[in-house]
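1. return atomic coordinates for the entry below.
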Amino acid sequence: MDLTFFFALLGGLLVLAFVANRLVRFTRVPDVIILMAAGVVIGPALHWVNPDIFRGASRGFGSLALILILFEGGLDLKLREIVKHFGAGLFLSLFSFLLTMAAVAEVSRLMLHFSWLNALLVGAVLGCISSSILLPVLQQVDLRREVKVTLLVESSLGDAFAVLAVTTLLDIASGGNAAPKAVAWTLGSSLILAVASGILAGMLWSYLLPILSEERFWHVLTFAAVLLVYSGVHSIKGNDLISVLVFGLTLTNFPAVRKRLRFDETAGSDWFTEMPVQEHNGRPPDHQHDQMLTFHGELAFLLRTFFFVLLGMLVDFDDLRKVIVLASLCFAAILAARAVVVQTGRLAWRSFTSLERELMLWFVPRGLITAVLGIEVLTARGKNFDFLPSLAFGVVLLSNLILLIGTVRARNLPPSDPLTLSTRT
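-> Residues are numbered from 1 along each chain as shown. This is a model prediction of the structure:
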């Protein structure tokens, strides 16, 4: 391929991604559908790009984009909102993931004649909502603050549950300890290590930020810190994605907590939502915070764009035709499990209206984490899972089409106060 044409293609894709992201509020079409469709057009349809060149980089693109999206999500969360809605979000995330994993596993056993272990691997890959898709959608729809935070907590925890489940099942498949106590210990210690590491790293970086932010390229240094937190927690067997989320959450909230603990309160201030970074060179107190959101949000947008276009480029239509029935049955199982969870959890969110509960049924997009985990399982388990990337693509597409119903139905909601979620992704 001519290098000039390649650069022109990249530029055109970024323009398309920007336009698709901004048109979500008018068309209600999730931008991920447009990006994957663009990948299908320039890859399998027109053969402008040979997807085999990028096949090995797909997992890296996806993982890096997910790290940045979770870090940005942590930067934009307020501690009071998390504490208030954590219980509802945890219930929704855990119950939904477990029930969905079981339902999809049962479909896999019936259709593929898999063992329970292999079937649960398929269920774990398809079991969680994608924060990389839901977060931008929540920025565009007018939901009440309580509903948005509950869904945001669910999607953030869902990514972690999926990674934990897939990692644990792969470990068991390779001969690891499958005893319930051992599995519980592995999961619990992984989360504890992730939270503790994220808090400690965030506390340290919040002390350094007022100094570092006076230097050029300090955003790049913060990005390096995010990668080091992720890699360091992974090396000590902690949940790396949760640690990145907690790192961003601590960076946003720790300065205000520190101010509160010193009993240095400002009249009328809200210490959970304030960002009292010391002012430097006449800049407003939240200058560093806004700059971090802008830099990491735009970097996440760049990587997310390339990943979903690449995912569309890698589609094999022959394989997709072979799994379309299986993908449809798996997605039906996902919707059925979600309906049970939403109805069962009515006591957890009593203030939600019937329409808001209906929207929680439609807001089940699969995306980046599903594709990344599908590639990881294929790499670890070999040819028995050759179908998984195509299956993941089919479920991602179906779930985002269903998401379109939710975004359209959301127009019938009364206006509400906007949630302070970043609009930069």
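2. what's whichever strand or helix holds residue 139 packed up against?
-> Per DSSP states H and E: residue 139 is located in helix 131-140. Under the contact definition 3 or more C-beta pairs under 8 Å, 6 or more residues apart in numbering; DSSP states H and E, helix 131-140 sits against helix 3-27, helix 58-75, helix 145-173, helix 368-381, helix 388-409. Backbone N, C-alpha and C define where each C-beta goes, glycine included.
3. what angle separates that helix from helix 3-27?
-> Orientation note: helix 131-140 sits at an angle of 50 degrees relative to helix 3-27 (axes from the mean of the first three to the mean of the last three C-alpha atoms, to 10 degrees).
4. if I look at the closest residue to residue 242 other than its chain neighbours, how far off is residue 307?
-> Sequence neighbours aside, residue 194 is the residue nearest to residue 242 in space, at 4.0 Å (criterion: C-beta to C-beta, 6 or more residues apart in numbering). For residue 194, the distance to residue 307 (C-beta to C-beta, to the nearest Å) stands at 23 Å.
5. my guess is residue 304 meets residue 67, correct?
-> No. At 11.2 Å, residue 304 does not count as touching residue 67 under the criterion of C-beta atoms under 8 Å.
6. okay, the two: which has more neighbours?
-> Higher neighbour count among residue 304 and residue 67: residue 304, with 28 against 23, using other C-beta atoms under 10 Å.
7. skipping adjacent residues, who's closest to that one in space?
-> Per C-beta to C-beta, 6+ apart, closest to residue 304 is residue 65, 4.5 Å.
8. that neighbour: how many residues sit nearby?
-> Neighbours of residue 65 using other C-beta under 10 Å come to 24.
9. so it versus residue 355, what's the distance?
-> 32 Å.
10. now do residue 294
-> 34 Å.
11. likewise residue 407?
-> Taking C-beta to C-beta, one finds residue 407 at 13 Å from residue 355.
12. next: residue 164.
-> Distance, residue 164 to residue 355, using C-beta to C-beta: 33 Å.
13. ok, those two, which is more surrounded?
-> Here residue 164 and residue 355 are compared on neighbour count by other C-beta under 10 Å; more neighbours surround residue 164, at 21 against 13.
14. contact partners for that one?
-> With contact taken as C-beta atoms under 8 Å, 6 or more residues apart in numbering, residue 164 is in contact with 187, 190, 191, 239.
15. just the buried ones from the residues you listed?
-> Buried residues within those, counting neighbours by 16 or more other C-beta atoms under 10 Å: 187, 190, 191, 239.
16. which SSE is the third one in?
-> In other words, residue 191. helix 180-212.
17. ok, residue 399 to residue 188 distance?
-> Note on residue 399: its distance to residue 188, by C-beta to C-beta, is 30 Å.
18. kindly report the same for residue 68.
-> Counting by C-beta to C-beta - residue 68 and residue 188 are separated by 27 Å.
19. one more: residue 46?
-> 50 Å.
20. same check on residue 94?
-> Taking C-beta to C-beta, one finds residue 94 at 13 Å from residue 188.
21. the two: which has the busier surroundings?
-> The residue with more neighbours, out of residue 94 and residue 188, is residue 94; 15 against 10, by other C-beta under 10 Å.
22. low-confidence ranges in the stretch 101-250 of the chain?
-> Along the stretch 101-250 of the chain, segments meeting pLDDT under 70 span 176-179, 183.
23. repeat that with 80
-> For the stretch 101-250 of the chain, the stretches flagged by pLDDT under 80 are 131-133, 135-142, 145, 156-157, 159-160, 174-187, 210, 212-216.
24. still on that earlier bit, could I have the helix or strand immediately after the helix holding residue 191 in the chain exported to PDB, CA atoms only?
-> Using DSSP H and E, the helix or strand that follows helix 180-212 in sequence is helix 218-235. These are the backbone C-alpha positions of helix 218-235, laid out as PDB (Å, rounded to 0.1, in the frame of the first residue of the first chain):
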ATOM      1  CA  TRP A 218       3.800  16.200  32.300                       C
ATOM      2  CA  HIS A 219       0.700  14.600  30.700                       C
ATOM      3  CA  VAL A 220       3.000  12.000  29.100                       C
ATOM      4  CA  LEU A 221       4.600  11.400  32.500                       C
ATOM      5  CA  THR A 222       1.100  10.800  34.000                       C
ATOM      6  CA  PHE A 223       0.400   8.400  31.100                       C
ATOM      7  CA  ALA A 224       3.600   6.600  32.000                       C
ATOM      8  CA  ALA A 225       2.400   6.300  35.600                       C
ATOM      9  CA  VAL A 226      -0.800   4.800  34.500                       C
ATOM     10  CA  LEU A 227       1.000   2.100  32.500                       C
ATOM     11  CA  LEU A 228       3.400   1.400  35.400                       C
ATOM     12  CA  VAL A 229       0.500   1.000  37.800                       C
ATOM     13  CA  TYR A 230      -1.200  -1.400  35.400                       C
ATOM     14  CA  SER A 231       1.900  -3.400  34.800                       C
ATOM     15  CA  GLY A 232       3.000  -3.400  38.400                       C
ATOM     16  CA  VAL A 233      -0.300  -4.600  39.700                       C
ATOM     17  CA  HIS A 234      -0.500  -7.300  37.000                       C
ATOM     18  CA  SER A 235       3.000  -8.500  38.100                       C
END
